[in-house]
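K.L.:
here is my input; please provide its structure:
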Amino acid sequence: MTTLKDIAREAEVSITTVSNVVHGRQSRVSPEVSTKILEIIERENYIPSMTARTLANNASPIVGIINHAHSQSGGGFLSDPFHNTFIGSIEDRMRDEGYYIMVRTVKDARGLEEVYRNWNLAGMVFTGLYEDDFFECVRRINIPYVLIDSYISSADACNVGLEDQKGGYIATRYLLENGHRVIAFASPIIRKDGVVEQRLHGYRQALQEFGVPFDRELVFEKEIYNTAEGIKLGRFIGTKKDVTGIFATADVLAAGIITGLREIGINVPADKSIIGFDDNYLCQITYPHLTTVHQDAEQKGIIAAEMMLAQLKNKPIRERKIILPVFLQIRDSVRKL
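P.N.:
Below you'll find the model as predicted:
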């Protein structure tokens with residue numbers, strides 16, 4: 001395997017000179033010498049190691065995508081297609097700039113500090129954080145960070161979010177417009193000042209507009225990363241004869257509910273109607289195809305990556321808080337009563 005020392009020997013220059021060329025500091029090297037070194041590098045298919053790059057630039061090339069929502073009942077962060085989509089778009093953009101992505105779930109502030117220390121992260125991207133001790137640890141570490149889907153009020157935080165309340169509203173309103181009056185709300189655990197709470201606010205707003213009282217007994221909270229839990233919830237809701245409509249705050253949860261309903265002989269939309277949230281590939285492979293609230297998960301990842309790169313390169317950030325729009329993607333899972 002070719003090393004910097006080998007290239008330096010053939011080019012008859014110092015290792016430092018070769019390192020300057022390899023790491024983009026060619027202004028310190030004459031054009032003739034730089035060309036000669038680059039020709040050797042290309043011929044020998046030399047690839048600088050990540051460790052060497054880190055030492056040469058005194059900076060890590062690793063950006064962490066950190067999940068703090070730990071599943072208690074199996075499944076995991078990456079089992080949700082929504083997360084796969086936005087992580088993929090972050091990875092594509094960061095790879096173009098020479099960075100590596102590490103995906104990690106951490107339970108607490110201590111776990112976060114250990115990941116940062118052990119991997120010398122250049123920056124971190126977080127999903128669904130809250131203003132608590134864990135967030136204070138994020139700020140204390142003092143490296144670039146970007147929040148996704150977080151209702152944190154910090155003015156200096158880079159944050160990419162969504163019209164969550166509107167999403168809950170338009171989904172519930174569509175069911176109401178189609179004659180449904182007993183509508184279940186299915187979601188992960190609802191935390192104060194979080195994404196799911198905002199979608200619940202939208203659900204309640206639509207009910208109020210149609211004069212339908214809010215019933216806390218129609219709110220069902222389950223782990224969305226565990227398929228078995230979604231199926232189990234579908235079977236349970238299927239026993240609620242008066243429920244004709246369901247709003248699930250994630251497509252992966254909606255898909256599980258549809259399966260659970262079918263297992264006990266209840267068909268969608270003939271017997272119960274359902275709307276999801278995200279508009280990922282599951283909507284096209286469920287039967288029937290799922291009506292859902294569309295969000296652009298890929299664009300969310302691209303914006304997060306640009307915010308991260310701006311911080312890493314000490315460039316100005318025009319907007320630190322960006323809220324992306326949603327709309328209702330109508331398919332086949334809602335019946336008009």
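K.L.:
tell me where the stretch 51-200 of the chain has helices.
P.N.:
Ranges of helices within the stretch 51-200 of the chain are 81-96, 109-119, 133-141, 164-177, 195-209, based on DSSP state H, counting those that start in this stretch.
K.L.:
could you dump those into TSV and include mean neighbour count, mean pLDDT and distance to residue 149?
P.N.:
All C-beta spots, glycine's among them, are computed from the backbone N, C-alpha and C. Output for those, formatted as TSV (neighbours: other Cβ atoms under 10 Å; pLDDT from 0 to 100; distance: least, Cβ to Cβ, whole Å):
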stretch	mean neighbour count	mean pLDDT	distance to residue 149
helix 81-96	19	90	9
helix 109-119	15	89	18
helix 133-141	15	92	14
helix 164-177	22	98	8
helix 195-209	20	98	5
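K.L.:
turn those helices into JSON lines, columns for distance to residue 286.
P.N.:
Output for the helices of the stretch 51-200 of the chain, formatted as JSON lines (distance: least, Cβ to Cβ, whole Å):
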{"stretch": "helix 81-96", "distance to residue 286": "12"}
{"stretch": "helix 109-119", "distance to residue 286": "35"}
{"stretch": "helix 133-141", "distance to residue 286": "34"}
{"stretch": "helix 164-177", "distance to residue 286": "16"}
{"stretch": "helix 195-209", "distance to residue 286": "20"}
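K.L.:
so, low pLDDT: which residues of the stretch 151-300 of the chain?
P.N.:
Regions of the stretch 151-300 of the chain meeting the criterion pLDDT under 70 cover residues 224-225.
K.L.:
ok, 80 please
P.N.:
Counting by pLDDT under 80, the stretch 151-300 of the chain has low-confidence residues at 223-226.
K.L.:
give the contact list for the residue nearest to residue 301 when sequence neighbours are not counted.
P.N.:
Nearest residue to residue 301 in three dimensions, chain neighbours excluded: residue 89, at 3.2 Å (Cβ to Cβ, 6 or more residues apart in numbering). Neighbour list for residue 89: 297-302, 305 [criterion: Cβ atoms under 8 Å, 6 or more residues apart in numbering].
K.L.:
how close does residue 89 sit to residue 324?
P.N.:
13 Å (Cβ to Cβ, to the nearest Å).
K.L.:
can you list residues touching both of the two?
P.N.:
Shared contacts of residue 89 and residue 324, defined by Cβ under 8 Å, 6+ apart, are found at 299-300.
K.L.:
before we move on, the earlier item: please spell out the PyMOL selection for the buried subset of the contacts of residue 89.
P.N.:
For the buried members of those, the matching PyMOL selection, counting by 16 or more other Cβ atoms under 10 Å, is:
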select buried, resi 297+300+301+302+305
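K.L.:
show me what contacts the closest residue to residue 87 other than its chain neighbours?
P.N.:
Excluding its sequence neighbours, the residue lying closest to residue 87 (Cβ to Cβ, 6+ apart) is residue 65, at 5.7 Å. By Cβ under 8 Å, 6+ apart, residue 65 lies in contact with 87, 90, 101-104, 124-125, 127.
K.L.:
recalculate using a threshold of 7 Å.
P.N.:
By Cβ atoms under 7 Å, 6 or more residues apart in numbering, the contact list for residue 65 reads 87, 90, 101, 103, 125.
K.L.:
and which of those is nearest residue 45?
P.N.:
Of all the contacts of residue 65, residue 45 sits closest to residue 101, with 24.0 Å by Cβ to Cβ.
K.L.:
against residue 127, how distant is residue 262?
P.N.:
According to Cβ to Cβ, residue 262 stands 31 Å off from residue 127.
K.L.:
so which of the two has more stuff around it?
P.N.:
residue 127 (23 against 17; other Cβ atoms under 10 Å).
K.L.:
I figured that one hits residue 149, correct?
P.N.:
Yes: using Cβ atoms under 7 Å, residue 127 is in contact with residue 149, at 5.7 Å.
K.L.:
OK, contacts around residue 293?
P.N.:
Neighbouring residues of residue 293 by Cβ under 7 Å, 6+ apart: 167, 170-171, 277, 279, 326, 328.
K.L.:
and if you look at residue 93?
P.N.:
When contacts are counted by Cβ under 7 Å, 6+ apart, residue 93 touches 302, 305.
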